[in-house]
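Enquirer: okay, sequence plus prediction incoming.
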Amino acid sequence: MRRATFWFIFGTVLLDMLALGIIAPVFPKLVIQLEGGNDASAAGALGLFGTVWAAMQFVFAPVLGALSDRVGRRPVILLSCLGLGLDYGIMALAPTVGWLFVGRVLSGITASSFSTSFAYIADVTEPDERAGRFGLLGMAFGLGFILGPAVGGVLGGIGLRAPFWAAGALSLVGAAYGWFVLPESLPLDRRATFAWRRANPVGSLGMLRAREALVGLALVAFLYRVAHDALPSLFVLYGDYRFGWTPRAVGFALAGVGVVSMIVQGGLVGAAVKRLGEPRALVTGLAFGAAAFALYGLAPTGALFLLGIPIGGLFGLTYPALQGLMTRRVGADEQGRLQGAIASVMGIAGVIAPVLFTQVFAAAIGRFQGLGVPGAPFLLAALLLVTAMLVVRRGVVASLVALVACSGALSVSAQSVAGPPSLTWRPRAPLEGSAVVLQLSAGPDDSMVAVHGELAGEPLHFERTAHGWRALAAVPFDRSDSVAARATVERAGGLTDTVVTWLVPRRRRAPREKLRAAPEFVEPPDSLEERIREEQQLVTGVRHQAHDTPRLWVEPFIRPRSSAVRDRFGVARTFNGVLRSRHMGVDFAGRRGASVRAANRGVVALVADLYLSGTTVLIDHGAGLVTGYLHLSRTLVAVGDTVTRGQEIGEVGASGRVTGPHLHWLAAYGGITFDPLGLVGLDLDASWAPSPKRARP
């Protein structure tokens with residue numbers, strides 16, 4: 001058998017971390033999508049996932065650690081790789097949040113063997129060299145988070161599921177590597193017997209209690225892990241909410257975290273521990289971590305937030321120094337049990353951390369939004385690391401006193417930080433191809449001077465109302481996944497905030513309509529191709545020019561006719577037995593010559609006889625909104641006229657490609673055509689009743 005060395009386990013961990021890094025930029029976004037686009041609800045679900053994952057580690061890490069002392073490290077590591085591969089496959093196929101939950105349970109069990117990797121290093125490394133080797137193992141984690149998130153961000157642009165398939169494939173490669181290449185590190189003569197009384201979590205923690213020198217270090221490990229998990233628990237959600245980062249941006253930002261981590265773990269840990277000694281290196285790492293989390297929590301812009309990454313990189317001194325101190329205090333035949341006990345402590349912290357930080361974040365951007373402290377979870381993490389420093393230097397009692405004092409100081413300082421407003425919408429669960437009204441709310445000391453935004457590629461025109469800043473928008477038709485709504489806030493003094501939320505439209509169920517028409521109406525002759533294209537460009541120009549017009553309407557919209565609706569929006573139309581199109585408007589019944597009225601105030605932008613829609617009037621209502629009145633027999637307005645709500649603008653006809661007299665009414669927000677009936681009664685200034693609990697689409 002090959003002689004076991006550090007570099008074999010380095011390769012195994014690197015493959016596992018590549019797989020984990022690939023899903024990092026997209027996993028929270030998949031949860032957001034499955035949770036119906038609600039950020040606060042997704043934060044709660046992610047907290048539960050993190051808690052369950054850590055709970056599985058708490059239960060199974062001591063079992064696998066003790067098992068590795070009995071059967072060796074190699075079989076346990078192989079089990080981990082195979083289990084993670086199965087987990088990624090389940091998540092790639094998961095149709096609901098419940099299936100994601102199953103995958104995280106399985107992953108928590110098998111990933112418990114990460115502690116076995118540290119025992120492997122203790123097997124093959126001298127005590128004085130362990131901290132440096134633990135740092136180099138951290139370099140494998142850093143490499144995984146350099147390449148993994150960058151690849152995951154690119155794959156996430158293809159589809160939210162693609163990174164999970166790639167991660168599963170990498171886990172299988174890791175299993176194959178372990179089977180054919182990874183040697184065993186624990187000789188038969190150094191193996192211990194397996195006993196359930198020592199392998200359970202309570203028994204493993206008893207090992208720490210029995211050694212006085214390990215108790216304080218175990219508390220430091222606990223505080224370190226709780227604080228450390230603030231960043232992975234919230235990085236994607238916070239970057240999305242606070243700064244509007246896309247999956248690609250998040251992926252490259254996480255890659256930056258990996259680069260810094262690799263430099264520190266691979267190049268600085270060994271030298272720092274040799275120069276400072278393990279205790280001082282431990283305190284130094286904790287101090288840099290506290291500074292980085294404080295910057296994360298207080299940064300008003302994405303650029304300042306990213307400045308915390310190189311500072312936080314030196315936080316990487318902490319765990320290798322801590323591991324070096326703890327492994328010195330047990331024998332060679334207890335390294336697996338020690339790592340299992342450490343993993344149990346980390347597991348308890350891991351159970352607490354995701355729920356703690358995600359719930360603090362959900363409260364900070366929800367119920368306590370008025371305090372203006374969206375970075376409260378990161379400030380809490382900084383406080384915990386300050387406490388850990390005092391545990392190392394002064395003991396537990398002094399650390400508790402400092403914890404209370406720092407809590408007050410951070411609370412006061414956080415009050416002066418302006419947090420981002422919240423972005424909500426009505427209706428809360430819109431149908432695809434429908435109008436929505438977005439509202440940006442802020443606290444009483446709001447300093448916003450302007451708001452710009454975008455939804456589905458169309459600009460948003462926010463206006464200040466009595467209830468906040470509001471804008472009309474539209475959800476595209478045939479949109480099966482979530483739609484991002486983004487608002488950029490300009491504050492007095494030049495500061496900006498970006499808020500992003502996700503709308504998940506409900507599928508519009510529309511019947512099919514079978515029509516018979518003359519062949520020339522179904523397939524226009526080639527000679528008309530140029531005319532049709534020019535007319536389409538003319539209409540498209542009018543629709544996009546509406547973004548350059550200020551909002552002209554104030555009163556709620558009305559129907560252009562009071563007659564019955566004959567055909568609704570979204571109906572699939574079959575001409576002569578062939579599915580040709582969907583009905584992208586609403587048809588009102590009416591005899592030829594019946595009155596057609598403007599739905600609201602606006603400027604007439606087009607009056608023309610078009611091949612497909614016949615005699616057509618388009619009205620520009622401003623702020624991106626256009627309504628159209630098609631197949632008229634007569635028009636009563638001219639281009640440039642300002643019309644009022646209810647003004648007669650034409651008469652019902654049967655011009656263009658139709659089968660009989662009627663009015664076809666359409667609505668468009670820029671390039672998005674939506675159901676015009678959603679405009680009826682629309683009032684941007686109306687107050688919103690509290691929304692009921694949102695059902696999943």
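Expert: Sure thing, it's come through.
Enquirer: in this protein, which strand is the longest?
Expert: Ranked by number of residues, the top strand in the chain under DSSP state E is strand 625-635.
Enquirer: now for it, which elements pack on it?
Expert: strand 602-610, strand 614-622, strand 648-652, strand 663-669 (3 or more C-beta pairs under 8 Å, 6 or more residues apart in numbering; DSSP states H and E). Every C-beta, even on glycine, is put in place using the N, C-alpha and C of the backbone.
Enquirer: for the last one, what is the distance to the chain centroid?
Expert: When C-alpha coordinates are averaged (C-alpha atoms, centre = their mean, to the nearest Å), strand 663-669 and its chain have centres 35 Å apart.
Enquirer: and the second one, by the same measure?
Expert: Taking the mean of its C-alpha atoms, strand 614-622 sits 39 Å from the chain's own mean (C-alpha atoms, centre = their mean).
Enquirer: same thing with the shortest one?
Expert: For strand 648-652, the separation from the chain centroid amounts to 48 Å (computed by C-alpha atoms, centre = their mean).
Enquirer: same question, stretch 595-602
Expert: Put simply, stretch 595-602 sits 42 Å off its chain's centre (C-alpha atoms, centre = their mean).
Enquirer: also stretch 380-391?
Expert: Mean-position distance between stretch 380-391 and its chain equals 28 Å (C-alpha atoms, centre = their mean).
Enquirer: kindly report the same for stretch 616-636.
Expert: Distance, centroid of stretch 616-636 to centroid of chain: 39 Å (C-alpha atoms, centre = their mean).
Enquirer: swap in stretch 283-294?
Expert: Using C-alpha atoms, centre = their mean, the mean C-alpha position of stretch 283-294 is found 26 Å from that of the whole chain.
Enquirer: give the rounded mean pLDDT of it.
Expert: Mean per-residue pLDDT for stretch 283-294: 89.
Enquirer: nearest spatial neighbour of the residue in the chain sticking out farthest from the centre, skipping sequence neighbours?
Expert: The centre of the chain is farthest from one residue, G593, which by C-alpha atoms, centre = their mean lies 53.6 Å away. Residue nearest to G593 in three dimensions, not counting chain neighbours: E651, with 4.9 Å by C-beta to C-beta, 6 or more residues apart in numbering.
Enquirer: specify the beta-bridge partners of that neighbour.
Expert: S595, R634 (DSSP bridges).
Enquirer: so what's the residue count around it?
Expert: Burial of E651 is recorded as 20 neighbouring residues (other C-beta atoms under 10 Å).
Enquirer: same for the helix or strand that contains R248, what does it pack against?
Expert: If you go by DSSP states H and E, R248 is part of helix 247-263. With contacts defined as 3+ C-beta pairs under 8 Å, 6+ apart, helix 247-263 has these neighbours: helix 130-158, helix 230-238, helix 302-313.
Enquirer: which of these sits closest to L48?
Expert: Of all the helices and strands packed on helix 247-263, it is helix 230-238 that lies closest to L48, at 11.5 Å by C-beta to C-beta.
Enquirer: now that closest one: mean pLDDT?
Expert: 80.
Enquirer: helices and strands around that helix, which ones?
Expert: In this structure, helix 230-238 makes packing contacts with helix 27-34, helix 39-71, helix 247-263, helix 278-298, helix 335-365, helix 376-393, judged by 3+ C-beta pairs under 8 Å, 6+ apart.
Enquirer: switch to 10 Å and redo it
Expert: helix 27-34, helix 39-71, helix 130-158, helix 247-263, helix 278-298, helix 302-313, helix 335-365, helix 376-393 (3 or more C-beta pairs under 10 Å, 6 or more residues apart in numbering; DSSP states H and E).
Enquirer: select, out of those helices, the one closest to A230.
Expert: It is, among those and with distance given as C-beta to C-beta, helix 376-393, at 3.9 Å.
Enquirer: residues of the closest one that come out buried?
Expert: Under the neighbour-count criterion of 16 or more other C-beta atoms under 10 Å, helix 376-393 has 376-392 buried.
Enquirer: for stretch 583-600, same thing?
Expert: Buried residues in stretch 583-600 (16+ other C-beta under 10 Å): 583-590, 594, 596-600.
Enquirer: stretch 341-361 now?
Expert: Residues of stretch 341-361 classed as buried by neighbour count (16+ other C-beta under 10 Å): 341-358, 360-361.
Enquirer: any idea which element G216 lies in?
Expert: Per DSSP H and E: helix 212-228 holds G216.
Enquirer: mean confidence score for stretch 101-109?
Expert: Stretch 101-109 comes out at a mean pLDDT of 78.
Enquirer: picking that back up, which one of the helices and strands packed on helix 247-263 lies nearest to Y629?
Expert: Closest approach to Y629 among the helices and strands packed on helix 247-263 (C-beta to C-beta): helix 130-158, 39.9 Å.
Enquirer: and after the closest one, which helix or strand comes next?
Expert: Downstream of helix 130-158, the first helix or strand assigned by DSSP H and E is helix 162-180.
Enquirer: tilt between that next one and helix 247-263?
Expert: If you take axes from the mean of the first three to the mean of the last three C-alpha atoms, to 10 degrees, helix 162-180 sits at 30 degrees to helix 247-263.
Enquirer: and the helices and strands packed on helix 247-263 as CSV, adding distance to L82 and mean neighbour count?
Expert: Shown next, in CSV, are the helices and strands packed on helix 247-263 (distance: least, C-beta to C-beta, whole Å; neighbours: other C-beta atoms under 10 Å):
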stretch, distance to L82, mean neighbour count
helix 130-158, 18, 23
helix 230-238, 24, 25
helix 302-313, 32, 18
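Enquirer: those helices into a markdown table, with extra columns for distance to A66?
Expert: As requested, the helices and strands packed on helix 247-263 are exported to a markdown table (distance: least, C-beta to C-beta, whole Å):
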| stretch | distance to A66 |
| --- | --- |
| helix 130-158 | 21 |
| helix 230-238 | 27 |
| helix 302-313 | 34 |
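Enquirer: mind listing what's buried in the longest strand of the chain?
Expert: Within strand 625-635, the residues that qualify as buried are L625, V626, T627, G628, Y629, L630, H631, L632, S633, T635, counting by 16+ other C-beta under 10 Å.
Enquirer: cool, and stretch 634-641?
Expert: Neighbour counts over stretch 634-641 (16+ other C-beta under 10 Å) mark T635, L636, V637, D641 as buried.
Enquirer: just checking, V637 is part of a strand?
Expert: No - going by DSSP: H, G, I helix; E, B strand; the rest coil, the assignment for V637 is coil, not a strand.
Enquirer: verify the stated contact: it with A598.
Expert: Yes - look at V637 against A598 with C-beta atoms under 10 Å: they come within range, at 8.3 Å.
Enquirer: find residues that contact each of these two.
Expert: When C-beta atoms under 10 Å, 6 or more residues apart in numbering defines a contact, the residues bordering V637 and A598 alike are V604, V617, I619, Y629, V643, Q647, E648, I649, G650.
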